[in-house]
Structure formats: C-alpha cells, structure tokens
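Engineer: Output the structure for:
(4 chains)
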Number of protein chains: 2
Amino acid sequence: MSRILIIEDEEAIADLEKDYLELSEFEVEIENAGDTGLARALEGDFDLVILDLMLPGADGFEVCKKIREEKNIPILMVSAKKDDIDKIRGLGLGADDYMTKPFSPSELVARVKAHLTRYDRLTGTHNKENDIVEIRGIRIDKTARRVYIDGEEKNFTTKEFDLLTFLAENPNHVYTKEELFREIWDMDSIGDIATVTVHIKKIREKIEFDTAKPQYIETIWGVGYRFKV
Amino acid sequence: MSRILIIEDEEAIADLEKDYLELSEFEVEIENAGDTGLARALEGDFDLVILDLMLPGADGFEVCKKIREEKNIPILMVSAKKDDIDKIRGLGLGADDYMTKPFSPSELVARVKAHLTRYDRLTGTHNKENDIVEIRGIRIDKTARRVYIDGEEKNFTTKEFDLLTFLAENPNHVYTKEELFREIWDMDSIGDIATVTVHIKKIREKIEFDTAKPQYIETIWGVGYRFKV
DNA sequence: TTAAACTTTTAATATTTTGTAAATAATAAA
DNA sequence: TTTATTATTTACAAAATATTAAAAGTTTAA
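Structural biologist: A predicted model of the protein is given here:
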C-alpha cells in the first residue's frame, strides 16, 4: 500500500489525519518539525506528503520547494490561513493541492486518493511494477508475455510480441522498417527487412478489426509504421 | 504553447474562458456539445480539457470517462452544482479537478497552469526533445509525422511533409526551386524542377484557405518560394 | 528424431506516391 | 498592348512502396 508522510506540529491534528488515513489502508508516519520532516521526506520512500505551512524549525514554503527539487511525489499543503493558497501558487513551489483548516478527514482522504491515483497513472508506477503496457484496449503483460485484445487473450509468437510491445510502448512515433529491425532483431544479424512487413501483417491479423484499415498500427507510406494513439 | 479544449454549451461562459486563457498565451478551441466534444478531444492534439458536466448530446460523466480511457491529459470538470463534486469523485472518472460555477477566470487560469505544470513534470514532456514545429496555426509533429492545420489533422505524403517542414522551419527565407529540390530530393544532379511546383500546389491545397491567394507559402516571382511569417 | 511451430525469403499483386507533359494563367519587360 | 517568361493546374503514366500468400528454412518441444 502507499506510504504517507505527515509533517505537522499540532499533534492532535496529525493523529487524527493518521487515524483516518490508516482506515483507508495507508501506511502513515508523522514528523512534527520542518527540518526533520524535510530530512525524512528526502530520505524515506514515501508516495505522498501532507505538509503544514506553519512549522517550527523551518519555513513550510522552503520545505515544499526542497522536497520538490528532489522528488516528484504529490505534496498536499495544509494551512490555517486562506490567503496562503494564493501565496503558494504565486511562489510556484510545486505543491499539488492546498487545504485550509479546518477540513474534514474524509475530504483529506479523498484528495490523497485522487492524487495517488493520478500519480500512478502519469508515472506508470503501478503498471511498471507488473510490467504491463496498456493502450487503447490492448493489454500487454510483459512478464507473462501475454496479450489481451479487448479483454480476450490472443497468442503471439516471440517476434510478434516484441514488435507489438515496442510499438505500443512508443506510440505516435514513426519507425522505419530498418529501425524496427535493428530494435527487435539482433544488431549484427543480417537479414532482409521484408520480414518486418510480414510480422506487421501477422500482428494486424490479431489486433485489427479490419486489416485493410488498420486502427492501431498505421502505415506511413514511404517511411514506416506508427502505433496510433 | 499548450492547447486547450473547452467543452461547454453556454457560449458566453465558453467565450469568457477562452478570452482569459488566450491572454495567457494558450491556444483554445470550443466545442458546445458532448458528443462532438468527445470526438474532438480524442482526435485532436490537446494538452488539457475543460469539461462542463451539463451538456446536450451526451452525459458529462460519460465524456470524462471516455476521454480518460484514451488520454492521460488533465481534465478539469466544471459544474453548477456543488454536490456533483462528490459524485465525480465517487465514480472515479479520472477527472483531475473540479470547479463550481460561478468561478473567477483568474482562478481557472491558475488551475490550468498548475495542472499543465504538473503534467509536464510527471510525464517528462518538457524533458523530451520536442521536435514540434509550430508556426501560424500550423503544427508539425516531426516524430509522429503528423500535421495539424488549425488543430485539425491533415494527411501529407512523404515529399509534401518534408517540403512543408523544411519551409516552416525556415520561415521568411526565399528558396529557389533548385534549392528546394536539392534539399528535399537530395540529389546533386539538376533534375526536373517542375515537380517542386506541383508539390507546392499539393501542399497549398491542404494548408491554404484560398489557393489563389496563399497566406503561408508565397511565390516570389522569378525567384522561388517563401514561408511567410 | 520427428512433427509442429515459427521465421524468413520470395514473388506476384495491389496501392500510393511521384514525376512528366501539356494546357492555362499570371507577371514583367519591351 | 504585345510578347516572352514564369507559375499554376490538371490528368495520367511510371515508379516506388506495401501487402499478401505461399514456399523454404529454422527452431523448438514432445
């Protein structure tokens, strides 16, 4: 599950937040000062930070900026003053969200979840762990070397699998047959790039609704192929 | 420069949003119905979508979900009802932010900027070499070999693409047909120059509003052609 | 070891792009 | 205005490139 760091000097608030987050299966740690909180955030392996602006030991703005310089994880700023929101924004600290006290714990949990979901989506952390490529209804499980087209598993040979995976992992990029050949086949292997064409056809037969009008792997006449997204 | 799609049926609101966003140098397009908006979002090359929940032609929830299935770009939901926020969250549609009407335009702009910044940070878009040529409403994606005229994709053959790209990358420079021929066809021999003329015509048919009065590729009589800027 | 599965090569066919040529239009110079 | 020069446009044939099917090799697994 996800690990969350709360940097907050008011113990009661920190504990309340922790309790609610733990109810949602999060793993939570608390630091009660700015300097220690910053150190912990940089050193620890957290997925999200909840950072109070008013802190002993360091300026909250500064802490936020420093974390952002090192980490891309979501930072949720908390402040008692509504005016601070504009300030945070204006300074371009890289905070992801702002909440003014008092706020409901469920609101906090909802926001935390939303940020984690987005972070996973954009960085692909979630998928990378399982080595899954998912794009336009095509799911490629790289570890198991399985391909699902609209949920249905289809069999792919080694070369077909590698070629499709490479294209799906680099969508919207036109590759020449030579480039694809070099990528999938061994660098030094001498061969005719015509085999790329044949494999593209085989893949199309398995993933396209109408092979004559490919919706996934497009032909860029005179150049090469492109996985359309 | 980022491209933003507004899906909103109230024209006054859409125009207001557009004006403010354009003041911040964004490129903005408006769709006033759900179905057309969805189609545009999926087909077009946008960096962010602002989506009104109450729409004719389709359910706003549905539109959001469909966009998210295909694209990872930030989606900013707008609604008149405050209760909708919880609903959006609960349904897990993948929206990135929610605003209730009425809201201040500057607030909108601030949020849009924040989302785009985060998106760039997490996807690393800004790190990747952007081989995108953008000039006077013409966007050329060299990696994908795609051309958008006022946001709409048009098909270009290899020679057309190369020729247009070369001219667009070197605007305001007059090239003789011989120079263009040597550049695109890369032959040392003086071949038949007439083919350049024909290709210029083909390109003009795709990019010019009125082929007889070219606004992009000008003819410099007796000399050659120039991409006007 | 053999059969099946996979990969590569080959060649015929289909498709798209490109170059050419000829007619027409526009411009500059006489 | 007339003429010579240069550009535009059109249509079509030729060239280039992609698709497809099938045969020939190659590898893999029983």
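
Engineer: So for stretch A:90-102, what gets flagged as buried?
Structural biologist: Under the neighbour-count criterion of 16 or more other C-beta atoms under 10 Å in any protein chain shown, stretch A:90-102 has A:93, A:94, A:95, A:96, A:97, A:98, A:99 buried. In this view, the C-beta of every residue, glycine as well, is placed from N, C-alpha and C.

Engineer: What's the mean pLDDT across that stretch?
Structural biologist: Taken as a whole, stretch A:90-102 carries a mean pLDDT of 88.

Engineer: Stretch A:16-28 too?
Structural biologist: Stretch A:16-28 comes out at a mean pLDDT of 96.

Engineer: my read: residue A:33 touches residue A:58, true?
Structural biologist: Yes: assessed by C-beta atoms under 8 Å, residue A:33 is found in contact with residue A:58 at 7.2 Å.

Engineer: Residue A:27 pairs with what?
Structural biologist: Counting by DSSP bridges, residue A:27 is bridged to residue A:3.

Engineer: now it: how far from residue B:77?
Structural biologist: For residue A:27, the distance to residue B:77 (C-beta to C-beta, to the nearest Å) stands at 30 Å.

Engineer: between those two, which one's more packed in?
Structural biologist: Using other C-beta atoms under 10 Å in any protein chain shown, the more surrounded residue of residue A:27 and residue B:77 is residue B:77, with 23 against 13.

Engineer: helices or strands next to the helix or strand where the more buried one lies in the packing?
Structural biologist: Per DSSP states H and E: residue B:77 is located in strand B:75-79. Applying 3 or more C-beta pairs under 8 Å, 6 or more residues apart in numbering or on different chains; DSSP states H and E, we find strand B:75-79 packed against strand B:48-52, helix B:60-70, helix B:83-91, strand B:97-100, helix B:105-123.

Engineer: Now do the closest residue to residue A:37 other than its chain neighbours against residue B:145, distance only.
Structural biologist: In this structure, residue A:37 finds its nearest non-sequential neighbour in residue A:7, 3.4 Å apart by C-beta to C-beta, 6 or more residues apart in numbering or on different chains. Distance of residue A:7 to residue B:145, computed by C-beta to C-beta: 48 Å.

Engineer: Now for the closest residue to DNA strand C within chain A: which residues touch it?
Structural biologist: Proximity to DNA strand C, evaluated over chain A using C-beta to the nearest atom of the strand, is greatest for residue A:157 at 2.8 Å. Going by C-beta atoms under 8 Å, 6 or more residues apart in numbering or on different chains, residue A:157 touches residue A:202.

Engineer: Over to the one 5 residues further on?
Structural biologist: Residues in contact with residue A:162, defined by C-beta under 8 Å, 6+ apart, are residue A:184.

Engineer: State whether it is indeed within a strand.
Structural biologist: No: read with DSSP: H, G, I helix; E, B strand; the rest coil, residue A:162 is helix and lies in no strand.

Engineer: how near is it to residue A:152?
Structural biologist: Residue A:162 sits 21 Å away from residue A:152, going by C-beta to C-beta.

Engineer: what's the answer for residue A:168, then?
Structural biologist: Relative to residue A:152, and taking C-beta to C-beta, residue A:168 is found at 16 Å.

Engineer: Output the lowest mean pLDDT helix or strand found in chain A.
Structural biologist: The weakest-scoring helix or strand in chain A, judged by mean pLDDT, DSSP states H and E, is helix A:125-130 (a mean of 64).

Engineer: average model confidence for the helix or strand containing residue A:168?
Structural biologist: Assessed by DSSP H and E, residue A:168 sits inside helix A:158-169. The average pLDDT within helix A:158-169 is 97.

Engineer: follow-up on the earlier one: between residue A:7 and residue B:145, who's got more neighbours?
Structural biologist: Using other C-beta under 10 Å, the more surrounded residue of residue A:7 and residue B:145 is residue A:7, with 29 against 19.

Engineer: Was I right to think the more buried one contacts residue A:53?
Structural biologist: No: with contacts counted by C-beta under 8 Å, residue A:7 stays clear of residue A:53, the gap being 9.9 Å.

Engineer: just to revisit the earlier point, okay, now the sheet partners of the strand holding residue B:77, with direction.
Structural biologist: Partner strands and pairing direction for strand B:75-79 (DSSP bridges) are strand B:48-52 (parallel), strand B:97-100 (parallel).

Engineer: got a list of contacts for the longest one?
Structural biologist: Contacting residues not belonging to strand B:48-52 are listed as B:2-10, B:13, B:17, B:37, B:41, B:60, B:63-64, B:67, B:73-79, B:95, B:108, B:112, B:115-116, B:119 [C-beta under 8 Å, 6+ apart].

Engineer: what angle separates that strand from helix B:60-70?
Structural biologist: Inter-element angle recorded for strand B:48-52 and helix B:60-70: 160 degrees (by axes from the mean of the first three to the mean of the last three C-alpha atoms, to 10 degrees).

Engineer: which residues touch residue A:68?
Structural biologist: Residue A:68 makes contacts with A:75, A:93, A:94, A:95, as judged by C-beta under 8 Å, 6+ apart.

Engineer: near DNA strand C, which residues of chain A?
Structural biologist: By the rule C-beta under 7 Å from any atom of the strand, the part of chain A lying against DNA strand C is A:155, A:157-160, A:185, A:189, A:191-192, A:194-195, A:198-199, A:221-222.

Engineer: wait, which of these is closest to residue B:181?
Structural biologist: residue A:222 (17.3 Å; C-beta to C-beta).

Engineer: what's the burial count for the nearest residue to the closest one once chain neighbours are set aside?
Structural biologist: What sits nearest to residue A:222 in space, not counting adjacent residues and going by C-beta to C-beta, 6+ apart, is residue B:158, at 3.9 Å. Close neighbours of residue B:158, defined as other C-beta under 10 Å, add up to 13.

Engineer: Equivalent analysis for residue A:173, please.
Structural biologist: Residue A:173, neighbours per other C-beta under 10 Å, totals 18.

Engineer: buried residues in stretch A:112-127?
Structural biologist: A:112, A:113, A:114, A:115, A:116, A:118, A:119, A:120, A:121, A:122, A:123, A:124.

Engineer: Now render the residues you listed as a markdown table, adding distance to chain B.
Structural biologist: What follows is the buried residues of stretch A:112-127, written out as a markdown table (distance: C-beta to the nearest C-beta, whole Å):
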| residue | distance to chain B |
| --- | --- |
| A:112 | 12 |
| A:113 | 9 |
| A:114 | 7 |
| A:115 | 10 |
| A:116 | 12 |
| A:118 | 6 |
| A:119 | 7 |
| A:120 | 10 |
| A:121 | 6 |
| A:122 | 4 |
| A:123 | 6 |
| A:124 | 9 |
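
Engineer: Tell me how far the helix holding residue A:168 lies from the chain's centre.
Structural biologist: Centroid separation between helix A:158-169 and its chain, computed with C-alpha atoms, centre = their mean, to the nearest Å, is 21 Å.

Engineer: Repeat that for stretch A:181-194.
Structural biologist: On C-alpha atoms, centre = their mean, the centre of stretch A:181-194 falls 32 Å from that of its chain.
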